[in-house]
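> all I have is the shape, not the residue letters:
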Ligand SMILES: Nc1nc2c(ncn2[C@@H]2O[C@H](COP(=O)(O)OP(=O)(O)OP(=O)(O)O)[C@@H](O)[C@H]2O)c(=O)[nH]1
Ligand SMILES: [Mg+2]
């Protein structure tokens, strides 16, 4: 004899692809959509930013997204198949933003299901788990995969943020210093240590993603303004920032 929940759990483990939602990444994404209960006026005015979570399977991408949007943590989460997204409205430094968080499947076998969704991302959260050295060593591969499939024209300026998740775990395989050094060497990316389980730095991480995007946007506006001025002046010397 087993309970209904036990039976359901066994069934889902045995037939993970039986659900049509799991077979179709677009349907999965479309089924989720904005979180109910958010003030509509705020969504109307806010800037829509797409951020994407990348990293090895099991590092905690879905857990980070779910902790941030629904404030829930599942200690026995299923692997993601394809992609899912959730929205959350927030205010960062006086700007209203609707953050569209895209959670991708980290397992290699789902590569073809996740890569079509990289295009149009405003920020990429490269995620590893501090208790899994291999997931840290794979960060460069994730970065390259993103740049290639998102067709990023200027990778050096693209806002990446690196997250070292599961800091609640005692047995670490990657130190803070080592992760910081990697971030410095690979583009001076912000580095945050998080725990989706304990809700450590989760909101801070997503807010940092927004700040990075806004900073790049501000820089671009500045450059465009510089070029506008150039068009009206007789001098050929333009802005040096673009
Ligand atoms: N201790 C601890 N466990 C975590 C944390 N975040 C996630 N987990 C657990 O790690 C496992 C994998 O988490 P997921 O969020 O499914 O990982 P994922 O990166 O989405 O994995 P894929 O969907 O396969 O790419 C689950 O059992 C989670 O409960 C954390 O901060 N601390
Ligand atoms: Mg997942």
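Received the coordinates, thanks. In this text, all values refer to a predicted model and were calculated from it rather than measured experimentally. Ligands and ions are numbered 1, 2, ... in the order given.
> if I pick the spatially closest residue to residue 189 that is not a sequence neighbour, what's in contact with it?
Beyond its immediate neighbours in the sequence, the residue positioned closest to residue 189 (C-beta to C-beta, 6 or more residues apart in numbering) is residue 183, lying 4.4 Å away. Where C-beta positions appear, they are placed from N, C-alpha and C, glycine not excepted. Neighbour list for residue 183: 162, 189-191 [criterion: C-beta atoms under 8 Å, 6 or more residues apart in numbering].
> possible to save those residues as TSV with secondary structure?
Converted to TSV, the contacts of residue 183 look like this (DSSP: H, G, I helix; E, B strand; the rest coil):
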residue	secondary structure
162	strand
189	coil
190	coil
191	strand
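> can you list the residues of the protein near ligand 1?
55, 57-63, 74-77, 79-80, 105-107, 165-166, 168-169, 195-197 (C-beta under 6 Å from any ligand atom).
> where does the residue nearest to residue 189 fall, phi/psi-wise?
phi -60, psi -40 (degrees, to the nearest 10).
> distance check, it against residue 84.
Spatial separation of residue 183 from residue 84 under the definition C-beta to C-beta, to the nearest Å is 27 Å.
> stretch 183-201: which residues count as buried?
For stretch 183-201, a neighbour-count test (16 or more other C-beta atoms under 10 Å) marks 183, 189-197, 200-201 as buried.
> what's the mean pLDDT across it?
Within the predicted structure, the mean pLDDT of stretch 183-201 is 98.
> measure it end to end?
Start-to-end span of stretch 183-201 (C-alpha to C-alpha, to the nearest Å) is 18 Å.
> residues near the closest residue in space to residue 158 that isn't next to it in sequence, how many?
Counting by C-beta to C-beta, 6+ apart, residue 152 is the residue found nearest to residue 158 once chain neighbours are left out, at 5.0 Å. The burial metric for residue 152, expressed as a neighbour count using other C-beta atoms under 10 Å, is 18.
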